[in-house]
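Enquirer: Pasting the sequence and the predicted coordinates here, then a few questions.
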Amino acid sequence: MAGSGAAAVDPAELILAFANTHDHRGRVPDRFSDTAGLQAWLTTQGVDGAMSITPADVIEAREIRDALVTVLLTHVDADGAAEEELGAAEHALRRAAHRYPLEANITRDGAGLVSTQAGLAGAMGSMLAAVVELSQSGEWERVKACRNCHHGFVDHSRNSSGTFCRAQCRSQAGMRAYRSRHRPDGDG
């Protein structure tokens, strides 16, 4: 994690590792369903496994993650995020930024934001710093959540028009749209 002396982590990979802990619309178990799940994720991210995680930490991590996924959905122009929902997500992320402050790290090679905190606070701060880094580099809009399953992905298409994480999700969405268009009038 940034700020902890660990090797540099690709900011998009860090954001996706965090965002993709959700249940993908019921398709997989939520990795932040309990303290053990959050602890396991933190360990995979190189955060000290000896720290104590509380149920309140789990709730806060889920809130930040779900807010992030809502914002990523707007990067594919998904209709799923109402203006009120997006406003609440942005507010949750601003609240997290106050709770997990970042510091400027200026070197001869450049400047960036880093978390100087340890444990969960450092992990959350590093994730927020990754968002800022991607935004400043112009790559933030390419980090998206799939219209179909909400799985986070980086859109590598030339014109940044990708809306699905994989072909299967594109096919499922297309089939739903087809069925909707061909439904008899009495079934709607």
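Expert: Sure thing, it's come through.

Enquirer: Any chance you could list what contacts the helix or strand bottoming out on mean pLDDT in the chain?
Expert: The helix or strand of the chain with the poorest confidence is helix 167-181; it has a mean of 74 (mean pLDDT, DSSP states H and E). If you take Cβ atoms under 8 Å, 6 or more residues apart in numbering as the criterion, helix 167-181 is touched by 146, 147, 148, 149, 151, 163, 164. (Glycine included, C-beta is placed from N, CA and C.)

Enquirer: just checking, what packs against whichever strand or helix holds residue 85?
Expert: Following DSSP states H and E, one finds residue 85 within helix 83-99. If you count contacts as 3 or more Cβ pairs under 8 Å, 6 or more residues apart in numbering; DSSP states H and E, helix 83-99 packs onto helix 55-74, helix 119-137.

Enquirer: what separates residue 16 from residue 22, distance-wise?
Expert: Residue 16 is 11 Å from residue 22, where distance means Cβ to Cβ, to the nearest Å.

Enquirer: So if I had to pick from the two, which one is more boxed in?
Expert: residue 22 (23 against 20; other Cβ atoms under 10 Å).

Enquirer: buried stuff in stretch 44-59?
Expert: Neighbour-count burial for stretch 44-59 flags 45, 47, 51, 53, 57, 58 (criterion: 16 or more other Cβ atoms under 10 Å).

Enquirer: got the end-to-end distance for it?
Expert: In stretch 44-59, first residue to last residue: 19 Å (Cα to Cα, to the nearest Å).

Enquirer: so for it, what's the average pLDDT?
Expert: For stretch 44-59, mean pLDDT is 87.

Enquirer: Thanks a lot, catch you later.
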